[in-house]
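*Asks:* sequence-free structure coming up:
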């Protein structure tokens, strides 16, 4: 009667829970996507500097376990790094530890953000912004030296 | 951005079950009860006493309908929330005062739970239960004499014959570690019995073996703080407590406020408790060494830190460790809970927290949680206490640096990883000049070595120029090399090197997307410096072929990890053929090193990939690490990261095949079961055929994998023994001191192998003992093996047989 079992406050694992984000380009139902996210070993990593290398990402994310693959996010036009990547682990538990302890810490002096990804598919390594980079870099108003300076729409205003 | 609206309809139209909570009363009430009970004691507008009183009233009212649920929840908090022990014993005390039968049922349930924990080797949780029971004496739920009787049964375990020392250790620990809470009460009621128990404990502690201690100590020096064996330390603390007439002032005791109510309550007697006997399956906790780095002199401005032999120190440390254990997954909650530990400004809480965290990070053989958790937890703590915690952390770092000379190598590894990762979150700001003393030392000494390794790790998290910029110019001797590729055929001036023209050919071919076959045909022309005539195929071990191919390919793929991995994948066939023999594998590794010796990180990922794609095997990597070509880098951190990673891959491989075998056996069993229940005469044993064949194949695979695993450790141990023996002989004949920095490093690396992989090594102990760790071995090396055995030991007899030779 009293053996085993745990308490819900001790079960809490909020860093591992799914975020609100769902990939709009995902082919399948919302339910399919969530099922994949819940057993995924792949993380999306965002807010990287354009200059952050695969080596740096490997060193940081290797702290939660053995990495199977890193896929750098690329500008669709320039084919250069555009500030995100995918990190795939061999084991789900290692990805979970990355969500718990690497998400929200710094890489290249920037707070990076990790989120579950349903799995890499060819084409997903490209930014989806109109200019070729990430959507967030299209419209932002601030100046970010690590991400090409001003947002693309702001940059356009400076063109003659 | 999609403008789809997510209504319930669209979810249901997927045809998938929509997770909707059904309002089911019982489970909602259980959740509410659990939440009420778990939250009592947290920050609140009302006092703890009034919250406890209120909760006791609520639960008493719910007893008629929800008694078993309440019992379950209370038993679970007793087991899993030891940091709130006295809050919950008070609650139980109040309930017992209102409802005697409930109190009795709770005690019975606790005893059942305790027995079950012991049966399934949950010893850490069992200690919490024992402590809870003993504090119930303070709450007038349990009669003191019956508690003493239980402890008498615990202590009498030390009289058992032919049992592991770690078994007796646990029962003594459970007894002693409850005394800060209940020592006073038990001594007042039964002083003669308690004196007898303490005296029996003392004589046990005097005669128990402590050979394991050096292997578990973070520092080998006794100054400034001795690293005590955990039972020795606890014994000193209890003795001091007794001398202080059991006066203990740190523990929060809410039941004191309810004394008038509680002393009216009727008490229960614990049923006689016989410790369950030792079995083959019993696995007791490993012995520990208490980590201490601070004392009262380290925070002269603040509250006084309780001394190392004060019972307050014990209680604080226990509770802080329990908080981390409860909340390790939730770093913000964990940090907040640590910082709100009730100390009433009477203790230097930040110092205790930092000490407890480093105690876990440096714990041998392994930390309780993944290393990166501690880095992130410390960052969260710095965020919550930006005015005070970073300074304590800086002070701690300085102290750890000062004591590097006597710090265990494994702990230094963790210190390097922690410090470099921590710095990368704070723009690498550090007062490096404070450490200029290390610049004048021999580079192999611990301090300069530490700084070198830290800078290398910092570089991996940033880039080379950044590191040059953050350190003073004087530190350039310790700065990492620029991680560039060294291509021996790169310059025109190298054109006299054998294989130069082939290298050029290969370069052009690979750039033109040559196939494996084309590569083979180019390589055919490479002469073999080892023999006068190749065999017909020309594919025996040819070091020059390997050199030319691997150098050229790695150079072309040098741009990034991904480029190099693609290259390995594309030309996998060539690699496999060239590295078919053991010598081939070794040579491939040598060339990888030659090309990338400035970029240890690249070497590590390439070796990993080559093992996973079976270009080289684990034994080849082990032999390569101990080869003379690598002697210069032998004490560098990255070498040991590679070796341990290799061993882990081997271990995971064995486990994976083993699991496949078990799964297939289970499938066969299910098939049998289905057939037995089928009663169908038509089904026959023929169906078992494929599965049985599969099981046989997997069985062979498991045996082969285990053989490979055992061989890997044999190679590693053999090479260690050779290396160490050489050094010992050289020192003896030369009349020089054995204990050079290299020797300390090497012996500790050997210990590290034992400790990090003790469970696997245990399986092959007999082989290792018979083949390698025989009595003829130099006693320095044999001692490491013997220490390991006492740490690992599950049989007293086995240990004695080792010591008696």
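*Replies:* Nice, thanks for sending it over. Just so we're clear, the structure is a prediction, and the values are computed from it rather than from any experiment.
*Asks:* rest of the way, CA atoms for contacts and neighbours
*Replies:* Will do.
*Asks:* who are the neighbours in contact with residue B:74?
*Replies:* For residue B:74, the contact set (CA atoms under 8 Å, 6 or more residues apart in numbering or on different chains) comprises B:37, B:88.
*Asks:* Okay, and it sits in which element?
*Replies:* Under DSSP states H and E, the secondary-structure element containing residue B:74 is helix B:48-80.
*Asks:* what's the next helix or strand after that helix packed up against?
*Replies:* Per DSSP H and E, the first helix or strand lying C-terminal to helix B:48-80 is helix B:85-98. With contacts defined as 3 or more CA pairs under 8 Å, 6 or more residues apart in numbering or on different chains; DSSP states H and E, the packing partners of helix B:85-98 are helix B:48-80, helix B:100-119, helix B:123-138, helix B:259-262.
*Asks:* Can you list the neighbours in contact with helix B:85-98?
*Replies:* For helix B:85-98, the external contacting residues (CA under 8 Å, 6+ apart) are B:40-41, B:52-53, B:55-56, B:59-60, B:74, B:77-78, B:102-104, B:132, B:135-136, B:139-141, B:252-255, B:261-262, B:264-266.
*Asks:* For PyMOL, what selects the buried ones among the residues you listed?
*Replies:* Buried members of the contacts of helix B:85-98, identified by 16 or more other CA atoms under 10 Å in any protein chain shown, are gathered into one PyMOL selection as follows:
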select buried, chain B and resi 40+41+52+55+56+59+60+74+77+78+102+103+104+132+135+136+139+140+141+253+254+255+261+262+265+266
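*Asks:* Out of the helices and strands packed on helix B:85-98, flag the one nearest residue B:360.
*Replies:* With CA to CA as the criterion, residue B:360 lies closest to helix B:123-138 of the helices and strands packed on helix B:85-98, at 15.5 Å.
*Asks:* any low-confidence regions in the stretch 651-800 of chain B?
*Replies:* Filtered on pLDDT under 70, the stretch 651-800 of chain B yields the residue ranges B:679-686, B:791-800.
*Asks:* And for the closest residue to chain A within it, the neighbour number?
*Replies:* Residue nearest to chain A within the stretch 651-800 of chain B (CA to the nearest CA): residue B:652, separated by 11.3 Å. Residues within reach of residue B:652, counting by other CA atoms under 10 Å in any protein chain shown, total 12.
*Asks:* Next: the one 5 residues further on.
*Replies:* Summarising burial for residue B:657: neighbours were counted as other CA under 10 Å, giving 18.
*Asks:* follow-up on the earlier one: can the helices and strands packed on helix B:85-98 go into CSV with extra columns for mean pLDDT?
*Replies:* Below are the helices and strands packed on helix B:85-98 laid out as CSV (pLDDT from 0 to 100):
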stretch, mean pLDDT
helix B:48-80, 95
helix B:100-119, 97
helix B:123-138, 97
helix B:259-262, 96
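*Asks:* want to throw those into TSV with distance to residue A:29?
*Replies:* Supplementary listing: the helices and strands packed on helix B:85-98 in TSV, determined by distance: least, CA to CA, whole Å:
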stretch	distance to residue A:29
helix B:48-80	39
helix B:100-119	44
helix B:123-138	44
helix B:259-262	60
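*Asks:* buried stuff in the helix or strand of chain A with the lowest mean pLDDT?
*Replies:* Ranked by mean pLDDT, DSSP states H and E, the helix or strand of chain A with the weakest confidence is helix A:152-158, at a mean of 84. Of the residues in helix A:152-158, those buried by neighbour count under the rule 16+ other CA under 10 Å are A:152, A:154.
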